[in-house]
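Student: Would you be able to build a 3D model of this:
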Amino acid sequence: MSTQHGDPGHGDSPAAWTAVVVMLLGIAAGTVFFFLHMSTMVWVCAGIVVVGALLGWVLSKAGFGVNGPKYTPKTHD
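Tutor: The predicted structure is shown next:
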């Protein structure tokens, strides 16, 4: 089992967390609307998933990504 702590490839940053939370909310709501046969809202939620991905990219470019200047890594003791 590996115990590396400095691996920057997992996206443990505000940009990644924001993108994932927005996309998960879009997917969860889209699933409910799909079950309720509300196709317009399913497409709205699909748009929210795309917005979540774009939001993560924008925040990463704004410096909130793993290697960004506004990101301070947390230590896991």
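
Student: Using CSV, write out every CA atom in the helix or strand hosting V50.
Tutor: For V50, the host element (DSSP states H and E) is helix 39-59. Below are the C-alpha coordinates for helix 39-59, written out as CSV (Å, rounded to 0.1, in the frame of the first residue of the first chain):
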residue,chain,number,x,y,z
SER,A,39,-37.8,15.8,-19.9
THR,A,40,-37.3,19.5,-20.0
MET,A,41,-35.9,19.5,-16.5
VAL,A,42,-33.6,16.5,-17.3
TRP,A,43,-32.0,18.7,-20.1
VAL,A,44,-31.7,21.6,-17.7
CYS,A,45,-29.9,19.3,-15.3
ALA,A,46,-27.6,18.1,-18.1
GLY,A,47,-26.8,21.7,-18.6
ILE,A,48,-26.0,22.1,-14.9
VAL,A,49,-23.5,19.2,-15.3
VAL,A,50,-21.8,21.0,-18.1
VAL,A,51,-21.7,24.2,-16.1
GLY,A,52,-20.1,22.4,-13.2
ALA,A,53,-17.3,21.1,-15.5
LEU,A,54,-16.8,24.6,-16.9
LEU,A,55,-16.9,26.1,-13.4
GLY,A,56,-14.1,23.7,-12.3
TRP,A,57,-12.0,24.7,-15.3
VAL,A,58,-12.6,28.5,-14.7
LEU,A,59,-11.7,28.2,-11.0
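
Student: which residues sit against that helix?
Tutor: 14-16, 18-23, 25-27, 29-30, 33-34, 65 (CB atoms under 8 Å, 6 or more residues apart in numbering). All C-beta spots, glycine's among them, are computed from the backbone N, C-alpha and C.

Student: Selection in ChimeraX covering whichever of those residues are buried, please.
Tutor: Buried residues among the contacts of helix 39-59 (16 or more other CB atoms under 10 Å), as a ChimeraX selection:
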select :14,15,16,18,19,22,23,26,29,30,33,65
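
Student: picking up where we left off before, buried sites along the helix holding V50?
Tutor: 42, 45, 48-49, 52, 55-56, 59.
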